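# Sequence first, then the predicted structure, then my questions.
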Number of protein chains: 2
Amino acid sequence: MNVDRITSLFEKDLNVINMGLESFSETLVEQGVQSTHVFWSPPAGGDARLLEALDVLNSRKEEIDLANKKALEIIQKGKPEIIDIQIAIDVIPRMTARTVLHAGPPVTWENMCGPMKGAVIGGLIFEGLAHTREEAEQLASSGEIIFDPCHHHSTVGPMAGIVTASMPVWVMKNAVYGNRAYATLNEGLGKVLRYGAFSHEVIDKLRWMRDELAPILKKALERHGPVDMKNLIAQVLQMGDEGHNRNRAGTSLFIREMAPHLVRLDEDRETIAKVFTFMHLNDHFFLNLTMPACKCIIDGARDIENSSLIVTQARNGTEFGIQISGLGDRWFTGPASKVDGLYLPGYTADDAGLDIGDSTITETVGIGGFAMAAAPAIVQFVGGTPEDAMNFTLDMYEITLGENSVFQIPSLDFRGTPTGIDLMKIIERGIYPVINTGIAHKDPGVGMVGAGLVKPPANCFDEALLAFAERVK
Amino acid sequence: MNVDRITSLFEKDLNVINMGLESFSETLVEQGVQSTHVFWSPPAGGDARLLEALDVLNSRKEEIDLANKKALEIIQKGKPEIIDIQIAIDVIPRMTARTVLHAGPPVTWENMCGPMKGAVIGGLIFEGLAHTREEAEQLASSGEIIFDPCHHHSTVGPMAGIVTASMPVWVMKNAVYGNRAYATLNEGLGKVLRYGAFSHEVIDKLRWMRDELAPILKKALERHGPVDMKNLIAQVLQMGDEGHNRNRAGTSLFIREMAPHLVRLDEDRETIAKVFTFMHLNDHFFLNLTMPACKCIIDGARDIENSSLIVTQARNGTEFGIQISGLGDRWFTGPASKVDGLYLPGYTADDAGLDIGDSTITETVGIGGFAMAAAPAIVQFVGGTPEDAMNFTLDMYEITLGENSVFQIPSLDFRGTPTGIDLMKIIERGIYPVINTGIAHKDPGVGMVGAGLVKPPANCFDEALLAFAERVK
């Protein structure tokens, strides 16, 4: 640099741009110097091990990019269709009369959180394997029950995610790749099993769902034929839903789609009316359809050698866990987070259990929290402002492999939702997936207390990156 | 100003802000001078008569503000409820067997546009008053038919807006002020009466609507009780509808609301299924509910002495007309405009009829074009970009009396829609109401060819202002 120009620098007032530590900038401002602070952090937070792993991975960039391109293409092409309702034990792989599926990564009975324990108790009572809370707790801790993550069985469960043998489940089929996914039918809000409640009214409702709701919807579905979930999800994103915690449009579209077929059934009119009313009074009915639809889409992209795509994000209320396409069925876990949210009247943050549920499968496929820009009204449920909702979506483009070709956000000029979470980008940029979620009471037997936003624990992504570098190198 | 400072001005590079004629700015830019043009026009376009009228009105500002405050309050408090379906002649005031109601301001048979003539022909055939196009044309021109605007009968009709004696109509009641409003049931898209088609299939569908659809919905409505349209419209604005040309959410919410009651009816299941299918296949079904709901709201604010509130905007395909609260039933009209829009395959702007229909009642109450920010996906139907949609809404705050207390736009941080169009602000600011609309083929018998946006003719607002100043002074 020219010496004159350097000299002239000291003749002018200082006007500083500061990067890194904000306190440098603050000190200058205190002394009357103009300083603009730029938020910046070094890649991988400057962690030497992670930087080394990123170096390894960047030396294999071509293969990784190719693998991720393939993974994204499978997501884009996936076409989930609702084809049936069946009883869990009849269709879910490796399901037994004593299997209890749960949300999130593996967890033992002893380590389960309150709401998951509550839902297990309810599930065992529903199955007739226990009759009281005490009996159920004894059975659960006896070693006679096989606890296993839903995700190990092509299944996803919201909140506690408990699935037992005789529960009816949606059968979703990927029309392009042939794989299937399963989820229970949504129970509604308030005192429900998935939030850890297990009172008589909860069990009675589950029985009604098994004995009336499911058989009737199954018959209507047979008359209708496969329901194109890809099309429905694309539509709801133009109608203010994001497919995770706002599902009013989806539930409405599903009802109108099925209505002519429901009314034609040779069933008691009052029974059919009850089915309509149940769906009408539960705007989350569609959640248990977006979840297996997303599972069905992303399962096609599992086990792609060299792919850094995140194929699972799931929480059991104790731990948050992820799985990576190029790393098979291995889980990387960290402690479940607290949810920052809005509470139902009478509850506070002190009542809240930790982050729980498989519903993060929606974010994993680019809807839910990733599509909040499409659903500004959701902030009335999860907190924040419509501007926050917009910014969450914009941030997620930083850590995804591409933009969805079918799921679009009208207010972003029909830009596709940020789709396909890339583990490497997360570590490089220090931006973590945004997740919106319901909040369960921390104790068994209570139920829902609120909804909000949650940040996953960083360490599981760090560990996954190290393992991925080890595998790829 | 200090002389030194003036002198110093000429030592610096010129940096111009130009107001008014843009060519001044362009000349400077051509000569390499930096110039920023500010779009500005004098109040009332500088028209001396209008400026004088505005002076008169501003001298009575206090009374006018008070009257407008009252008018806006009535709009805010209005609570339209669907209470019934009846046959037009049984409920619409001053309806006779030979009355044909039409959209927009008064118009004679001779001066009617093609699609309105087509719809009149269809209406007369539907009533059995004629059997062929020729018979219908002869009867229409014979002087034996009473043509009258829907608006003269507490009624609103989309597009041609033809209402004849035996058509079923929604009965909307303002639960706070007691007044009622009426509209036919929506026929769907394509070849339909309101777009000027009158073939056998059009008439057959109208008969089915009278004989099956309407009686069944009427019975379901009796079981349901009054439907709160204010609540439904508030909801659809959070679901990507604007209530005029996007009604997918509204139609969905109406179907799920009525479904349990429809299925309980002691009617043939196939007949009920047909009703569900008809509504499901017609996303505009809800338009014929938002329209009388808006009519019901704003009719409470008619005839308020000194109020400059616009209480009617309506088009008959030949003329656009408005009515002012403080000026009773007097119409102020101008030539109907061309619509700037998107066309269905096979059609171009050459096929388009002029602006037509009473559906501008939605904009008059602050939804429709005024709420386009809530419905970015509508641009796929009417053209433009989501940014345009946002800007249309923002512009409308300039010419309205207030913001709706119940109809909110999530993406504008739940700001109320711009509500209550003020004639004075339109003239002062030179900003005209934005309207989105369907486009009918210019010839009778064809039907819909597209949808788009339209600017009303300025002269009717000018003339209304002069008359209002004359009345108030």
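Cool, the structure landed.

# any chance you could map the helices in the stretch 201-350 of chain A?
According to DSSP state H, counting those that start in this stretch, the stretch 201-350 of chain A carries its helices in the segments A:214-224, A:229-236, A:248-263, A:269-280, A:287-299.

# which other helices and strands contact the shortest one?
Okay, so that is helix A:229-236. For helix A:229-236, the elements it packs on are strand A:80-87, helix A:248-263, helix A:287-299, strand A:400-409, judged by 3 or more CB pairs under 8 Å, 6 or more residues apart in numbering or on different chains; DSSP states H and E. For the C-beta atoms, the positions are set from N, CA and C on the backbone; glycine is no exception.

# for the ones you listed, which one sits closest to chain B?
helix A:248-263 (3.6 Å; CB to the nearest CB).

# which other helices and strands contact that closest one?
Identification of packing neighbours for helix A:248-263 by 3+ CB pairs under 8 Å, 6+ apart yields helix A:214-224, helix A:229-236, helix A:269-280, helix A:287-299, helix B:248-263, helix B:269-280.

# which intervals of chain A have sub-threshold pLDDT?
For chain A, the stretches with pLDDT under 70 are A:1-3, A:9, A:39.

# picking that back up, how about the helices and strands packed on helix A:229-236, which one is nearest B:Ala375?
Closest approach to B:Ala375 among the helices and strands packed on helix A:229-236 (CB to CB): helix A:248-263, 12.6 Å.

# how much distance is there from that closest one to the middle of the chain?
Averaging C-alpha positions (CA atoms, centre = their mean, to the nearest Å) puts helix A:248-263 24 Å from its chain's average.

# With adjacent residues omitted, what lies nearest to the most centrally placed residue in chain A?
Computing the C-alpha centroid of chain A and ranking residues by CA atoms, centre = their mean puts A:Thr360 first, at 0.8 Å. On the basis of CB to CB, 6 or more residues apart in numbering or on different chains, the spatially nearest residue to A:Thr360 that is not a chain neighbour turns out to be A:Gln313, at 4.1 Å.

# Mind listing the residues bridging to the one you found?
Here A:Gln313 sits in beta bridges with A:Ile322, as judged by DSSP bridges.

# which residues does it contact?
A:Gln313 sits next to A:Phe320, A:Gly321, A:Ile322, A:Thr360, A:Ile361, A:Glu363, A:Thr364, A:Ile421, A:Pro433, A:Ile435, A:Pro456 when contact means CB atoms under 8 Å, 6 or more residues apart in numbering or on different chains.

# which residue sits closest to the second one, ignoring its sequence neighbours?
Right, A:Gly321. Leaving aside its chain neighbours, A:Gly321 sits nearest to A:Pro105 (3.1 Å; criterion: CB to CB, 6+ apart).

# Could I get the contacting residues of the one you found?
Taking CB under 8 Å, 6+ apart as the test, what A:Pro105 contacts is A:Pro149, A:Ala314, A:Asn316, A:Glu319, A:Phe320, A:Gly321, A:Trp331, A:Thr333.

# Test my guess that the fifth one contacts A:Lys455.
No - the pair formed by A:Phe320 and A:Lys455 falls short of the contact definition of CB atoms under 8 Å, at 9.6 Å.

# quick one: which of these two has more around it?
Neighbour tally, A:Phe320 and A:Lys455, criterion other CB atoms under 10 Å in any protein chain shown: the higher count belongs to A:Phe320, 29 against 15.

# and A:Gln31, how many neighbours?
8.

# tell me which parts of the stretch 151-300 of chain A are close to chain B?
For the stretch 151-300 of chain A, the contact set with chain B under CB under 8 Å from any CB of the partner chain comprises A:235, A:238-241, A:248-249, A:251-253, A:255-257, A:259-264, A:269-270, A:272-274, A:276-277, A:279-280.

# domains in chain A, as residue ranges please.
The record's domain parsing of chain A by automatic domain parsing lists A:3-40, A:47-75+A:301-472, A:79-292.

# Would you indicate which residues of the first one are buried?
Under the neighbour-count criterion of 16 or more other CB atoms under 10 Å in any protein chain shown, domain A:3-40 has A:Asn18, A:Ser25, A:Leu28, A:Ser35, A:His37 buried.

# Pick the one among the residues you listed closest to chain B.
Minimum separation from chain B among these (CB to the nearest CB) is found for A:His37, which lies at 26.9 Å.

# That closest one and A:Leu394: what is the separation?
Distance from A:His37 to A:Leu394, counting by CB to CB, to the nearest Å: 21 Å.

# Repeat that for A:Ala44.
When distances are taken as CB to CB, A:Ala44 and A:Leu394 turn out to be 22 Å apart.

# The two: which is more packed in?
With neighbours defined as other CB under 10 Å, A:Ala44 and A:Leu394 compare such that A:Ala44 has more, 21 against 13.

# before we move on, what SS does the nearest residue to that one once chain neighbours are set aside have?
Closest residue in space to A:Ala44, ignoring its immediate chain neighbours: A:Leu50 at 3.6 Å, by CB to CB, 6+ apart. A:Leu50 falls in the helix class when you classify it by DSSP: H, G, I helix; E, B strand; the rest coil.

# A:Leu50 against A:Ile427, yeah?
Yes - using CB under 8 Å, A:Leu50 and A:Ile427 qualify as a contacting pair, with a distance of 5.8 Å.

# shared neighbours of these two, anything?
A:Ala44, A:Asp462, A:Leu465.

# Of those, which belong to helices?
Secondary structure assignment by DSSP state H places A:Asp462, A:Leu465 of those in helices.

# Let me have the shared contacts of A:Leu50 and A:Ile427 in CSV, extended by distance to B:Leu327.
Output for the shared contacts of A:Leu50 and A:Ile427, formatted as CSV (distance: CB to CB, whole Å):
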residue, distance to B:Leu327
A:Ala44, 71
A:Asp462, 72
A:Leu465, 72
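
# Contact partners for A:Phe407?
Residues near A:Phe407 by CB under 8 Å, 6+ apart: A:Ile233, A:Ala234, A:Leu237, A:Gly366, A:Ile367, A:Ala371, A:Gly416, A:Thr417, A:Thr419.

# what about it, distance to B:Ser166?
A:Phe407 is 47 Å from B:Ser166, by CB to CB.

# Same check on A:Asp268?
Taking CB to CB as the measure, A:Asp268 and B:Ser166 are separated by 36 Å.

# Neighbour count for the two, which is higher?
Neighbour count, other CB under 10 Å: between A:Asp268 and B:Ser166, B:Ser166 has more, with 16 against 11.
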